[in-house]
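Engineer: Model the following, please.
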Amino acid sequence: MDRKDTFKRFFAGLFFVIGITLFLIIVFLIGLERGMAEPKVQIAVLFRDVGGLALGAPVRLSGVDVGTVGRIDFLPGKIDERGVKVVLNIFRKYKKQLEAPAVYAIKTEGILGQKIVEITPHTQIAHFDLNQPIIGQDPLDVQNLAEAFQDTAISLTDLTTQTTNIVKELKYLSRTSKRVLDRIEERVIEGRLLKLF
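Structural biologist: Have a look, this model is predicted:
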C-alpha cells in the first residue's frame, strides 16, 4: 500500500509539473505573438479628452497594429489646452515609419465601440519630433453629436411647419386670385369691365 501511495503522489506531482510547464509555454507563446518580448519605443501624445481609451488598447498605423497604449496620466499643467498624456508603446521595428509627420487620433472601432489610437501619415504638418509630446486629435464626442442631431431635427420640424403654412397661404391666394380673374374675365366678355353699376 505504501508503494501504491508513493506512485500516486509521484504521478500527481508529475502531472502538476507538466501542467504548469504547459501553461507557462502557452503564456510565453501568446506573449511572443502579441509582441510582448519585442523591444519598444515610447511616444507621448497629448489629448484634451481620451473618451474612454483604455490601457492596452491597440495603436494602428494605416490599419496595421504597431503597438499598444502603455500609460494614461493627467498633466500637472495644460499644454496647448491638453491635459491628458497618453504614452504609446510602439514596436521598435516601426519607428522609421513613425518618424514621418502624422496625425494621432482616438477612434472608435467596431459595434461595441472599442477605442484605439489611429496614426495617419500627414504631409502638411511642418514641425514633427517624436522626442517631444505630440498634440493629438480628440475623439468625436457622441453626446455632442446626438445633441447636434436633435437640434437639427427640431430646426427641420420648424421649417416643415413654416413651409406648410406658406403652402396653405399660397393655396388661399391662388383661389382668391382665380375668383378675381374669373370675375374680370366675365366682365370683359359681357363688356361691363369699366362699368361700376
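Engineer: Return the distance of F15 relative to I135.
Structural biologist: Applying Cβ to Cβ, to the nearest Å, the value for F15 to I135 is 56 Å. From N, CA and C alone the C-beta is placed, and that goes for glycine too.
Engineer: With R82 instead?
Structural biologist: 7 Å.
Engineer: Give me the common contacts of those two.
Structural biologist: L46 (Cβ atoms under 8 Å, 6 or more residues apart in numbering).
Engineer: what sits against the closest residue to T108 other than its chain neighbours?
Structural biologist: Spatially, and ignoring its direct neighbours in sequence, T108 is nearest to K115 (6.1 Å; Cβ to Cβ, 6 or more residues apart in numbering). Remark: with contacts taken as Cβ under 8 Å, 6+ apart, K115 is in contact with 50-54, 57, 106-109, 139.
Engineer: any idea which of those residues has the most stuff around it?
Structural biologist: The most crowded member of the contacts of K115, judged by other Cβ atoms under 10 Å, is I106 (23 neighbours).
Engineer: Bridged to that one, which residues?
Structural biologist: V117 (DSSP bridges).
Engineer: do R82 as well
Structural biologist: I79.
Engineer: Residue ranges in this structure under the pLDDT threshold?
Structural biologist: Judged by pLDDT under 70, the chain has its weakly predicted residues at 1, 31-39, 123-131, 139-146, 192-197.
Engineer: mind redoing it with 90?
Structural biologist: The model of the chain has pLDDT under 90 over residues 1-17, 19, 24-161, 165, 167, 169-197.
Engineer: From the chain's centroid, how far away is the helix or strand A148 falls within?
Structural biologist: For A148, the enclosing helix or strand under DSSP states H and E is helix 142-190. In terms of Cα atoms, centre = their mean, to the nearest Å, the centre of helix 142-190 is set 41 Å apart from its chain centre.
Engineer: Then stretch 44-53?
Structural biologist: The answer for stretch 44-53 is 12 Å, by Cα atoms, centre = their mean.
Engineer: How about stretch 69-82?
Structural biologist: 19 Å.
Engineer: residues in contact with that stretch?
Structural biologist: Counting by Cβ under 8 Å, 6+ apart, 42, 46-48, 50, 53-59, 83-89, 117, 133, 135-136 sit against stretch 69-82.
Engineer: what about burial for these, which qualify?
Structural biologist: With burial judged by 16 or more other Cβ atoms under 10 Å, the buried subset of the contacts of stretch 69-82 is 46-48, 50, 53, 57-59, 83-86, 88-89, 117, 133, 135-136.
Engineer: Many thanks, we can stop here.
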